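Colleague: Just to be clear, the model below is a prediction. Sequence and coordinates:
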Amino acid sequence: MVYFKKRSTVLLLALSCTLAACSSQPSYTGNSTEQSLKQHANWQYTQDDATEVSYITDLVNIAGLDSLINQAVANNPSFNQVHVALKLAYAQRDVTAASQWFSVDADFDAQRNETTGTQYSSLLGVSWEADVWQKIADNVAAQDMTIASNQATYQGAKDTLVASVMRTYLNIILQQDLLNIEQQRLTVLENNEQSIVERYQYGLGDLEALDTARTNTASTRATIADYQEKIAQAKRALVLLVGVDKLENLPTTSVLPEVIEPLSALPEQDLARRPDLQSAYYNIQSKRYLVDVAYKDLLPSITLSASLSDLATTPSQALLTSPVWNLLGSLSAPLFQGGALRAQVDIAKLNAEQAFWEYQDTLLSAVNEVENALGQEQSLTQQQLQISKALASAQRSYSNYQSKYQQGLVDILDLLTVQQQVYDLQAQLSQINYTLLTNRIDLGLALGLGVSS
């Protein structure tokens, strides 16, 4: 009797200590994620000609692009790995949630010895851990938050994949346009070279003009070879993104399509739509639940179990025909494990803090991406305007020089210089147009515009 009282006293003391430890636990919260979002009241740049859209695919309308996007979503290996990771999160949640239910086990044994002969035994047991501290519920909640984080990661991967397909598609069109410009340049240069050769044969030209013409022609041929390979590389990149061996009906046009400039709203609204921020936020919530789980591992656990058993000399009689029942309730508490449980608490708290700082890092990067894209929009629009003016002036200058050359007022080298400038400006304008269009796609991603889930 005295022994029982001593054991009860020790158990109650352990229970009191663990309850006190849990009630006085320092809970990591960090700064509010909502407060972090509200720190950014307005974007630095304003927009003049933007359009409100719901999805990133609304920014551009190109025939055949939707089919490529659908194939990429279905076949891209990297994206499908993210999809599998999401399915694994669901499966892991089911494993964790199963701990909330009772478990049933059945056992049937046969044993033979010299004295008793063959004996058969059967056992049917049921056990259940009472979740009095909500530890299992917190574990399930942590898994729910992990699923939400993986869902956001999945959506972000899908958005990024679609944006990459759009950029690569536009890059093929750009390279085709640049190739056409160089081919036009080559045609003119070859005609000029032939004209200079004829003039030289009649004694009207010199070797300097001929060498210059041949230099320009050879250089342009090299540039054409470069652009042809870049087109092939861009098409291979698109095939890789789509995840197939071969693609049909790739773009043959050299005219870049219109891409809408997406309208930004308040930073808090724009950033809240971003999948990467959503994923980071849910990851924080998951880690905080795991902090609670780590603290509750310090508390006692209550397990209830019941069993039916039977022992007989034949298999049929051992199948619980005359069972003996047993009912057990157990209360166990960790008293000493060398500080392992306390260390697990510290690890869980540090993981939660790390998740918070990962969120802050993602938030700052997101703000930087939006500001950069908005700034690029204004800069590229101005570049586009000024290069267009420069091209128009160069074309007028070329017409004037062509007229003066026919009248013998200017040298052929002067005409070639102005002519080269026209084609250089055409190529530069095409590059700026492409950069502007892809920047609008980047802006859409930065603002949280994705694709339909």
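Modeller: Received it, and whenever you're ready, just let me know what you need.
Colleague: Please give the element, helix or strand, for residue 390.
Modeller: helix 340-406 (DSSP states H and E).
Colleague: ok, residues contacting stretch 275-287?
Modeller: 30, 33, 142-143, 145-146, 148-150, 152-153, 155-156, 159, 271-272, 348, 351-352, 354-356, 358-359, 362-363, 366, 448, 450 (CB atoms under 8 Å, 6 or more residues apart in numbering). For the C-beta atoms, the positions are set from N, CA and C on the backbone; glycine is no exception.
Colleague: Counting neighbours, which of those residues end up buried?
Modeller: Buried by 16 or more other CB atoms under 10 Å: 33, 142-143, 145-146, 148-150, 152-153, 155-156, 159, 271, 348, 351-352, 355-356, 359, 362-363, 366, 448, 450, out of the contacts of stretch 275-287.
Colleague: Quick check: buried residues in stretch 320-330?
Modeller: Taking 16+ other CB under 10 Å as the criterion, stretch 320-330 shows residue 323 as buried.
Colleague: what is the mean pLDDT for it?
Modeller: Average pLDDT, stretch 320-330: 81.
Colleague: I'd like the distance from that stretch to the chain centre, please.
Modeller: 54 Å (CA atoms, centre = their mean, to the nearest Å).
Colleague: Let's see it as PDB, backbone CA atoms only.
Modeller: These are the backbone C-alpha positions of stretch 320-330, laid out as PDB (Å, rounded to 0.1, in the frame of the first residue of the first chain):
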ATOM      1  CA  LEU A 320     -12.500 -17.200 -29.800                       C
ATOM      2  CA  THR A 321     -15.000 -19.900 -28.900                       C
ATOM      3  CA  SER A 322     -14.400 -19.400 -25.200                       C
ATOM      4  CA  PRO A 323     -12.500 -16.100 -25.100                       C
ATOM      5  CA  VAL A 324     -10.900 -14.400 -22.100                       C
ATOM      6  CA  TRP A 325     -11.300 -10.600 -22.200                       C
ATOM      7  CA  ASN A 326      -8.800  -8.100 -20.900                       C
ATOM      8  CA  LEU A 327      -9.200  -4.300 -20.500                       C
ATOM      9  CA  LEU A 328      -6.300  -2.000 -19.800                       C
ATOM     10  CA  GLY A 329      -5.900   1.700 -19.400                       C
ATOM     11  CA  SER A 330      -2.400   3.100 -19.200                       C
END
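Colleague: For that stretch, which outside residues touch it?
Modeller: 122, 124, 302, 303, 304, 305, 306, 307, 308, 309, 310, 312.
Colleague: For the residue of the chain positioned farthest from its centre, give me the pLDDT.
Modeller: Computed with CA atoms, centre = their mean, the residue of the chain farthest from its C-alpha average is residue 115, at 69.9 Å. Here the pLDDT value assigned to residue 115 is 74.
Colleague: Helix or strand: which one has it?
Modeller: Residue 115 belongs to no helix or strand, assigned by DSSP H and E.
Colleague: Could you do residue 118 as well?
Modeller: Using DSSP H and E, residue 118 falls in strand 117-130.
Colleague: Quick one: residues in contact with that strand.
Modeller: Applying CB under 8 Å, 6+ apart, the set of residues contacting strand 117-130 is 99, 101-112, 136, 301-315, 317-320, 323.
Colleague: same thing but at 6 Å, please
Modeller: Contacts to strand 117-130, defined as CB atoms under 6 Å, 6 or more residues apart in numbering, come from residues 102-112, 302-312, 315, 318-320.
Colleague: Alpha carbons only: can I get that strand in CSV?
Modeller: Provided in CSV are the C-alpha atoms of strand 117-130 (Å, rounded to 0.1, in the frame of the first residue of the first chain):
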residue,chain,number,x,y,z
GLY,A,117,1.3,-31.3,-27.4
THR,A,118,0.0,-28.9,-30.0
GLN,A,119,-1.8,-25.8,-28.7
TYR,A,120,-3.4,-23.0,-30.7
SER,A,121,-4.0,-19.5,-29.5
SER,A,122,-5.8,-16.5,-31.0
LEU,A,123,-5.9,-12.9,-30.0
LEU,A,124,-8.1,-9.9,-31.1
GLY,A,125,-6.9,-6.6,-29.7
VAL,A,126,-8.2,-3.0,-29.9
SER,A,127,-6.2,0.0,-28.8
TRP,A,128,-6.7,3.7,-28.9
GLU,A,129,-4.7,6.7,-27.7
ALA,A,130,-6.9,9.4,-26.2
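Colleague: Give me the neighbour count for residue 191.
Modeller: 11 (other CB atoms under 10 Å).
Colleague: how much space is there between it and residue 294?
Modeller: The spacing between residue 191 and residue 294, counted by CB to CB, to the nearest Å, is 80 Å.
Colleague: And the helices in the stretch 51-200 of the chain?
Modeller: Assigned by DSSP state H, counting those that start in this stretch, the stretch 51-200 of the chain shows helices spanning 65-75, 77-97, 135-201.
Colleague: Pick the most buried one from the ones you listed.
Modeller: Among the helices of the stretch 51-200 of the chain, helix 135-201 has the highest mean neighbour count (mean count of other CB atoms under 10 Å), at a mean of 19.
Colleague: Can you give the distance of that helix from its chain's centre?
Modeller: For helix 135-201, the distance to the chain centre is 17 Å (CA atoms, centre = their mean).
Colleague: Output the contacting helices and strands for that helix.
Modeller: Applying 3 or more CB pairs under 6 Å, 6 or more residues apart in numbering; DSSP states H and E, we find helix 135-201 packed against helix 65-75, helix 77-97, helix 207-242, helix 275-296, helix 412-446.
Colleague: by how many degrees do the third one and helix 135-201 diverge?
Modeller: Orientation note: helix 207-242 sits at an angle of 160 degrees relative to helix 135-201 (axes from the mean of the first three to the mean of the last three CA atoms, to 10 degrees).
Colleague: quick check: angle from helix 207-242 to helix 65-75?
Modeller: 50 degrees.
Colleague: any residues touching the next helix-or-strand element following helix 207-242, and which ones?
Modeller: Sequence-wise, the next helix or strand downstream of helix 207-242 (DSSP H and E) is helix 267-272. With contact meaning CB under 6 Å, 6+ apart, helix 267-272 is reached by 37, 38, 40, 264, 277, 366, 447, 448.
Colleague: What about those, which one has the most neighbours?
Modeller: residue 447 (26 neighbours).
Colleague: Show the contacting residues for that one.
Modeller: Applying CB under 6 Å, 6+ apart, the residues near residue 447 are 262, 264, 270.
Colleague: Repeat the analysis, applying 8 Å as the threshold.
Modeller: 262, 264, 265, 270, 273, 274, 370.
Colleague: how far away is it from residue 43?
Modeller: Counting by CB to CB, the gap from residue 447 to residue 43 is 10 Å.
Colleague: Quickly list what's touching both of the two.
Modeller: 264, 370.
Colleague: Please report the distance of the most centrally placed residue in the chain from residue 242.
Modeller: Residue closest to the mean C-alpha point of the chain, counted by CA atoms, centre = their mean, is residue 157 at 3.5 Å. Distance check for residue 157 against residue 242: by CB to CB, it reads 15 Å.
Colleague: can you check residue 90 too?
Modeller: 27 Å.
Colleague: How about residue 321?
Modeller: 66 Å.
Colleague: follow-up on the earlier one: and the strand holding residue 118, which residues are buried?
Modeller: Buried, per 16+ other CB under 10 Å, within strand 117-130: 120, 122, 123, 124, 125, 128, 129.
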